[in-house]
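# Here you go, sequence then predicted model.
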Amino acid sequence: PTADTILELRCWFTEGHDSTFHSIRSLQHRATSLAMSTQNEPNMTWKQGSKKTALLFKGGEVSLTGIQACQGALEDKTVSTLTSLLLNHPFHIDLKALKDDMGNTTPGYSMFTDRANASTLGPVDALAKHILSTPSFRTQFVVVSNDCIIWNPIALADWLRQYALLDLLCLVQVEMNCGAPGRTTELTGMPCVNTAGGMMRAMRIIDDHVALMRTYHKMRAAQGQDRLIPHSLNAALAAIMVYKEAICRPFAQLAASVLYPGNQTVKNLYQTFLFVNYDKPFDGDAITHEMKVWTGKHIGVALGVRDWRQVSTPLRRKHAGLEEMWLEQELDTVDSAQAGHSHRVDFLRYGVTDQASTGLAEDYIGPFFTTSVLWHNVLHLVPGKCCYMTCFCAYSQTCAGGQRLQLQQATRNNYVPPPVRTQVSESKQEELELIAAAVVEMIEPRLVAMEKKLEQVATGQDLQHAVTQIRQLFTLGQPNPAASTSTATVSVRS
């Protein structure tokens, strides 16, 4: 059909016109609105006496201790699998020296192709060179014929299956221990490099966190774009992913080219996707099956992707102190309103830093990582950045103030819990509550008056005046020899 024909028929397949399609879509919107605004029926309950550390779900008990044991076993298995793939050779990568050009959108770019990291990562074919230079491995992987090196396809296939297992174990840990779980489409479609189609690499280094940037697909049709969701990897998983990508992936690409010489589709999988299931992409069934194996063994209840999203939410909400934050980018802040534009315009057009290349406002990224780190601590895994919110570093001898740890230092055996906050005595607690009540009683009328004034006018000058009033209000309780109480009171009233 021609463009003119399509324009003539457009009213029959777009909303806003009196047509059957418009009626069906309107009913669909109403049904979706009702479904999304209706709370689900309770499908789990806290176990009595567990202090909110265990849930009764589908006839079984899901406890934090079981989840911690599960993640510990997964980490041990992943480390042993990586060691086997590296043929027990101690390849060294100085993780804290890795750099990532956040603003680089060139197709094919990642931190592992960045020339700035060449000396840190070493030769791209380091594993192949190690095999060829070691007689026992050369005999296993290579068949010499007429002085020509021919790779043994059986040995390569066995190695590639182990690589697929490593990818699967990493996927399960990304789903379970890096904060809020993702959907399978978000997990399986992550690219390892920038693609020609505009997809950005998923694995990045942001503020000393080795992070995965998942893509939220569900609202693509409504918003016209995907939303990026950053997750900080725990220290061990971060180190494993670096070794997997820097050393194992080039050899996996070699193995795929030998095993599938005429299959460009398989070759492209190893060139594009972060996780590959031997000769095909991973799907939700593969991840769910592996999760059920590990959770059934260590937790006592077989949990797949869907069940894990249900069970993990109340546990994270209770023990990981989920960061509650308004994430709509149209929300105005005082700073952006004072500049005469919205917060979205503020981060899109002004003071654009390298972190803004994630597609998120710079001040949104920190809370995402904080949520991941809090969950790492709940699971007794060495956190991704290793430094806690209190600026106390439990790994000061190895991480030098929040730097990325080597794999040997990052395993759960080296986990040190964050310092416990000092408990306030009951008498002191009562005094603090009385003081807090007095402060609230004092400032509440003034805040109400300021709120009414802001509702009447919302110019930048008034907002600046409101900020000044708030600052003066919260300095009233501090001793100031240069100003009397009456002067401070007059300045607030003015």
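Perfect, thanks for sending it. Numbers count the residues shown, from 1 in each chain.
# Could you count how many residues lie near E451?
10 (other CB atoms under 10 Å). Glycine gets a C-beta too; all of them are placed from N, C-alpha and C.
# And it, how far from A438?
21 Å (CB to CB, to the nearest Å).
# ok, now G366?
Distance from G366 to A438, by CB to CB: 33 Å.
# And for I150?
Applying CB to CB to I150 and A438 gives a distance of 84 Å.
# From what I see, P250 and V124 are in contact.
Yes - taking CB atoms under 8 Å as the definition, P250 is a contact partner of V124 at 4.9 Å.
# G366 and A438: which has the busier surroundings?
G366 (16 against 11).
# So which elements touch the helix or strand harbouring R214?
Assigned by DSSP states H and E, R214 falls within strand 209-216. Other elements packing on strand 209-216 under the criterion 3 or more CB pairs under 8 Å, 6 or more residues apart in numbering; DSSP states H and E are helix 184-188, strand 203-206, strand 227-232, helix 235-243, helix 362-378.
# which residues touch that strand?
Strand 209-216 has contacts (CB atoms under 8 Å, 6 or more residues apart in numbering) with 95, 174, 178, 182, 186-187, 189-190, 199-205, 226-233, 238, 241-242, 358, 369, 372, 384-385, 404.
# Likewise for stretch 277-284?
With CB under 8 Å, 6+ apart as the criterion, stretch 277-284 contacts 160-161, 164, 167-168, 171, 184-185, 187-189, 256, 260, 263, 266, 269, 273, 275-276, 286, 305.
# Buried ones among those?
Burial of the contacts of stretch 277-284 was assessed by neighbour count (16 or more other CB atoms under 10 Å); the buried members are 160, 164, 167-168, 171, 184, 187-189, 256, 266, 269, 273, 275-276, 286, 305.
# Among those, which are located in helices?
Taking DSSP state H as the definition of helices, the buried ones among the contacts of stretch 277-284 contribute 160, 164, 167-168, 171, 184, 187-188, 256, 266, 269, 286, 305.
# hmm, which two among the residues you listed are most spread apart?
A256 and V305 (26.8 Å; CB to CB).
# quick one: I131 and F137 touch, right?
Yes - judged on CB under 8 Å, I131 makes contact with F137 at a distance of 4.4 Å.
# Can you pull the residues that touch both of these two?
Contacts common to I131 and F137, judged by CB under 8 Å, 6+ apart, are L87.
# Specify which residue of these two has the higher count of neighbours.
Neighbour count, other CB under 10 Å: between I131 and F137, I131 has more, with 22 against 16.
# Who are the contact partners of the more buried one?
Contacts of I131 by CB under 8 Å, 6+ apart are 87, 137-138, 141-142.
# Most neighbours among those residues, which one?
In those, the most neighbours by other CB under 10 Å go to F141, 22 neighbours.
# check contacts around that one.
So F141 contacts 131, 151-152, 155-156, 159 (CB under 8 Å, 6+ apart).
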